[in-house]
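Asker: just the structure for this:
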Amino acid sequence: MTESLRWGILGTGWIAELFVSDILASGFTVAAVGSRTQESADEFASRFGIAAAHGSYDDLVADPGVDIVYVATPHPMHAENTTLALQAGKHVLVEKPFTLNAAEAQRVVDLAAEKELVVLEAMWTRWLPHMVRLREIIAAGTIGDVRTVIADHNQKLPSDPKHRINNPELGGGALLDLGIYPVSFAWGVLGEPDVVQAISSPTATGVDRQTAILLGYAGGQQAVLHTALDTLGPNTASVIGTAGWIAIKDTFYAPTSFTVFDSEGTVVEQYDTPVAERGMQFQAWEAERLVAAGHAAGDILPPGETVAIMRTLDEVRRQIGLSYPTE
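Answerer: Numbers count the residues shown, from 1 in each chain. Take a look at the predicted model:
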């Protein structure tokens, strides 16, 4: 790891807890936390041993002891919160999905470029060791030419209409909260699709309950993706090529194992390397690496790709009729 930056945590919810637990265990420096209330900030700071607790997001980003901000609020607030941090001169790691739509994403990316600051989508899966090895295997031609990506992310989440996953005001629905994982995975393997097709079934609150997505490519490749918020599924993924395939066990987007088969079905590699903590520290290392190197973008998930992924999600939402009142 490079010389540690001083992290500020914007938001005190569940995902912030997971992130802070991982990075503290990995030796990062968390200097401050900010919440909409002083009470919440104080409680979070006390629990994790954080020195500074701010009762507003403005105070957090203004803290001179903070170099980089992790935005952990619900995604309808990501653009506003990230803009706040960038305007204050802070680098930003922002939870996925990056924003609510591609237009917001582009504005954020443009601002970061103007300010010469790093802004990185916290799609933590991209930097996990098993995904690093998977990219190496594909690049080496071990499974030949990739033809198909198959991935699902299905969870049985609370049915309460007021819960954020069911609430249109909070960007609810399976697609942006869960479907972002298989969509980003397909993008990481196959790149930008030429064709997007989607069908969906809504909840009573009007967000997508389950959505199936087909991505098509000029070279004939295809991605078959599925997401749902009220049925737990296998949450596995496969990459199929002309000379074999890779089968990623559950949960594909978290630290896990995979098996590489040749075209006869013979195992040629079994990958199973334990990862400390949940694995969210790898994205923080990437953010710190970019800052230390003076780079605005890395090779794994540059800001331009994040914006383009949001365009794919926008097209899915257009096809299934999913819109949000905050847009």
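Asker: CA only for contacts and neighbour counts going forward, please
Answerer: Fine.
Asker: residue 170 reaches residue 75, doesn't it?
Answerer: Yes. In this structure, residue 170 is within contact of residue 75 by Cα atoms under 8 Å, at 7.3 Å.
Asker: look at those two and report which has more neighbours.
Answerer: The neighbour comparison of residue 170 against residue 75 (other Cα atoms under 10 Å) goes to residue 75, with 23 against 19.
Asker: so that one touches residue 104, yeah?
Answerer: No. Using Cα under 8 Å, residue 75 makes no contact with residue 104, being 11.0 Å away.
Asker: ok, for the residue nearest to the spatial centre of the chain, nearest residue in space, not its chain neighbours?
Answerer: The structure's the chain has its C-alpha centroid closest to residue 123; by Cα atoms, centre = their mean the separation is 2.5 Å. Spatial nearest neighbour of residue 123, chain neighbours left out: residue 96 (5.8 Å); criterion: Cα to Cα, 6 or more residues apart in numbering.
Asker: what is the burial count for that neighbour?
Answerer: For residue 96, the count of nearby residues is 23 (other Cα under 10 Å).
Asker: relative to residue 267, how far out is it?
Answerer: Here residue 96 is placed at a distance of 34 Å from residue 267 (Cα to Cα, to the nearest Å).
Asker: the helix or strand hosting residue 291: how far from the chain's middle?
Answerer: Following DSSP states H and E, one finds residue 291 within helix 281-293. Between the centre of helix 281-293 and the centre of its chain there are 15 Å (Cα atoms, centre = their mean, to the nearest Å).
Asker: which strands or helices does that helix pack on?
Answerer: helix 14-25, strand 91-95 (3 or more Cα pairs under 8 Å, 6 or more residues apart in numbering; DSSP states H and E).
Asker: repeat that with 6 Å
Answerer: With contacts defined as 3 or more Cα pairs under 6 Å, 6 or more residues apart in numbering; DSSP states H and E, helix 281-293 has no helix or strand neighbours.
Asker: so which residues make contact with the following helix or strand past it?
Answerer: Sequence-wise, the next helix or strand downstream of helix 281-293 (DSSP H and E) is helix 303-320. By Cα atoms under 6 Å, 6 or more residues apart in numbering, the surrounding residues in contact with helix 303-320 are 101-102, 105, 198-200.
Asker: now swap in stretch 252-271 and tell me
Answerer: So stretch 252-271 is in contact with 125, 236-237, 243-249, 272, going by Cα under 6 Å, 6+ apart.
Asker: nearest to residue 50 among the residues you listed?
Answerer: Lowest distance from residue 50 to the contacts of stretch 252-271 (Cα to Cα) belongs to residue 125, with 26.3 Å.
Asker: so what pLDDT did the closest one get?
Answerer: pLDDT for residue 125: 97.
Asker: the residue nearest to it when sequence neighbours are not counted: neighbouring residues, count only.
Answerer: With sequence-adjacent residues excluded and distances taken as Cα to Cα, 6+ apart, residue 125 is closest to residue 253, at 5.3 Å. Close neighbours of residue 253, defined as other Cα under 10 Å, add up to 24.
Asker: so residue 253: helix, strand or coil?
Answerer: Three-state call for residue 253 (DSSP: H, G, I helix; E, B strand; the rest coil): coil.
Asker: measure it to residue 178 for me?
Answerer: Distance from residue 253 to residue 178, by Cα to Cα: 11 Å.
Asker: for the helix or strand harbouring residue 185, packing partners?
Answerer: Following DSSP H and E, one finds residue 185 within helix 180-190. Contacting helix 180-190 under the criterion 3+ Cα pairs under 6 Å, 6+ apart is no other helix or strand.
Asker: helices along this protein, start to end?
Answerer: Here the chain has its helices, by DSSP state H, at 14-25, 38-48, 57-62, 78-87, 102-115, 129-139, 174, 180-190, 281-293, 303-320.
Asker: just the ones you listed: most buried one?
Answerer: By mean neighbour count, with neighbours taken as mean count of other Cα atoms under 10 Å, helix 174 ranks first of the helices of the chain at a mean of 28.
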